[in-house]
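Undergrad: prediction below, plus the sequence it came from.
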Amino acid sequence: MYIDQHNGVDMGVDLKDIIPGEAKTVIEDLRILHGKIIVIDGYNALYQFLAAIRQPDGTPLMDNSGRITSHLSGLFYRTINIVEAGIKPVYVFDGKPPELKAREIERRKAVKEEAAKKYEEAVQSGDLELARRYAMMSAKLTEEMVRDAKSLLDAMGIPWVQAPAEGEAQAAYIVKKGDAYASASQDYDSLLFGSPKLVRNLTISGRRKLPRKNEYVEVKPELIELDKLLVQLGITLENLIDIGILLGTDYNPDGFEGIGPKKALQLVKAYGGIEKIPKPLLKSPVEVDVVAIKKYFLQPQVTDNYRIEWHTPDPDVVKRILVDEHDFSIDRVSTALERYVKAFKENIRGEQKGLSKWFSRPK
DNA sequence: CCAAGAAA
DNA sequence: TTTCTTGGG
């Protein structure tokens, strides 16, 4: 478990430092994924938009009634870009979190409440930069925001799947079944749930501001392949789950004392499994049910009750939601919709009918 | 984060 | 054309 340097919020299991370069491919041009179905972690995406799309003082985008709209702006424009690149997106949304996560949810709630206080203080003292950081940290995704997002996707003709529990688990399941090419999230959790492929940084404009400094770094999308990862490290998926648990997951956020990426890999390889590691080597401030956590990663709650189908976008409904209900600019939305409808016809509807994109239209 | 207009 | 800055809601 770690605190993300960018938005200051917890991000699940941190496998960053144990993923070998051989298992990662930088995606220089998103069109490399042309024609591929990608299952996007909806909560992860919405949360990022909510945290990032803000004014310098931390104020999010809002409609005339004061309702937050940052998540809708991000979802709308990014989905258009993804479809323009020829990718077929499906979103998956979290359901009821598993009982194992209860502690972590409480912890996050406390962190957000603390951040909300500090945000007020920073606003009082006039420290804009600090205010923005705390605003990002205290960002909360409400049920209404998720409902709005789902309605927008419906209007855009983009399918979404309601997971019974963890969205990352459902995404992994869909990819494993072969109903999608890869999962997409900033978190690594779907790998522990067995997703064969994970895309991170699924964006077009790849400039990201560095936390403290006034600098930007180029962030390109990357593909992580589970089989290559396991072969390169010489471990099994169960071993990888063990490593995740040693480092800390949503179900044991603190991990174990004094164990980082290197030691975790070494211990798991030396003993063959987390349950075989001598207890004295695993020091933790709280009791951790390693067996239950491991079992959850191996057999999470998922469902077959989903349909991945794209429907013709309804520009009028999109406008009703964005312009009429949430005060988006009609000009911007119309321009974007024109791009979208065109890209949708070329990249999604065309291929769905089984026609080669080279022969399906004149010129 | 993304779009759009300005600046380079 | 590409890169940077600002505003979006």
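TA: Nice, I can see it.
Undergrad: and chain A, which of its residues are near DNA strand B?
TA: A:48-49, A:52-54, A:73-74, A:77-78, A:80-81, A:203-205, A:207-209, A:219, A:331-332, A:335-336 (C-beta under 7 Å from any atom of the strand). Every residue, glycine included, has its C-beta placed from N, CA and C.
Undergrad: so what's A:Gln162 up against?
TA: A:Gln162 is in contact with A:Val92, A:Phe93, A:Gly95, A:Tyr306, counting by C-beta atoms under 8 Å, 6 or more residues apart in numbering.
Undergrad: so what does it have for phi and psi?
TA: phi -90, psi 110 (degrees, to the nearest 10).
Undergrad: mark which of the residues of chain A next to DNA strand B are buried, thanks.
TA: Buried by 16 or more other C-beta atoms under 10 Å: A:48-49, A:52-54, A:73-74, A:77-78, A:80-81, A:203, A:336, out of the residues of chain A next to DNA strand B.
Undergrad: could you list the domains of chain A?
TA: A:1-233, A:234-299 (automatic domain parsing).
Undergrad: lowest average pLDDT across those?
TA: The minimum mean pLDDT among these belongs to domain A:1-233 (a mean of 92).
Undergrad: does that domain reach DNA strand C?
TA: Yes - with C-beta under 7 Å from any atom of the strand as the measure, domain A:1-233 is seen reaching DNA strand C through A:Ile53, A:Arg54, A:Gln55, A:Thr59, A:Pro60, A:Leu61, A:Met62, A:Asp63, A:Thr69, A:Leu72, A:Ser73.
Undergrad: those helices in the stretch 1-150 of chain A, which residues are they?
TA: For the stretch 1-150 of chain A, the helices defined by DSSP state H, counting those that start in this stretch cover A:42-52, A:70-84, A:102-125, A:128-138, A:143-156.
Undergrad: give me the contacts around the first one.
TA: The one in question is helix A:42-52. Here helix A:42-52 makes contact (C-beta under 8 Å, 6+ apart) with A:7, A:9, A:60, A:68, A:70-71, A:73-75, A:78, A:91-94, A:136-137, A:139, A:141, A:145-146, A:149, A:160, A:167, A:185-187.
Undergrad: how about the CA coordinates for it, as PDB?
TA: The C-alpha trace of helix A:42-52 is given here as PDB (Å, rounded to 0.1, in the frame of the first residue of the first chain):
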ATOM      1  CA  GLY A  42     -14.500   3.200 -13.700                       C
ATOM      2  CA  TYR A  43     -13.900   4.200 -10.100                       C
ATOM      3  CA  ASN A  44     -10.200   4.600 -10.700                       C
ATOM      4  CA  ALA A  45     -10.800   6.800 -13.700                       C
ATOM      5  CA  LEU A  46     -13.500   8.900 -12.100                       C
ATOM      6  CA  TYR A  47     -11.500   9.300  -9.000                       C
ATOM      7  CA  GLN A  48      -8.500  10.600 -10.900                       C
ATOM      8  CA  PHE A  49     -10.600  13.100 -12.800                       C
ATOM      9  CA  LEU A  50     -12.200  14.300  -9.600                       C
ATOM     10  CA  ALA A  51      -8.800  14.700  -8.000                       C
ATOM     11  CA  ALA A  52      -7.000  16.300 -11.000                       C
END
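Undergrad: buried residues, it. List them.
TA: Buried positions in helix A:42-52, judged by neighbour count with 16+ other C-beta under 10 Å: A:Gly42, A:Tyr43, A:Asn44, A:Ala45, A:Leu46, A:Tyr47, A:Gln48, A:Phe49, A:Leu50, A:Ala51, A:Ala52.
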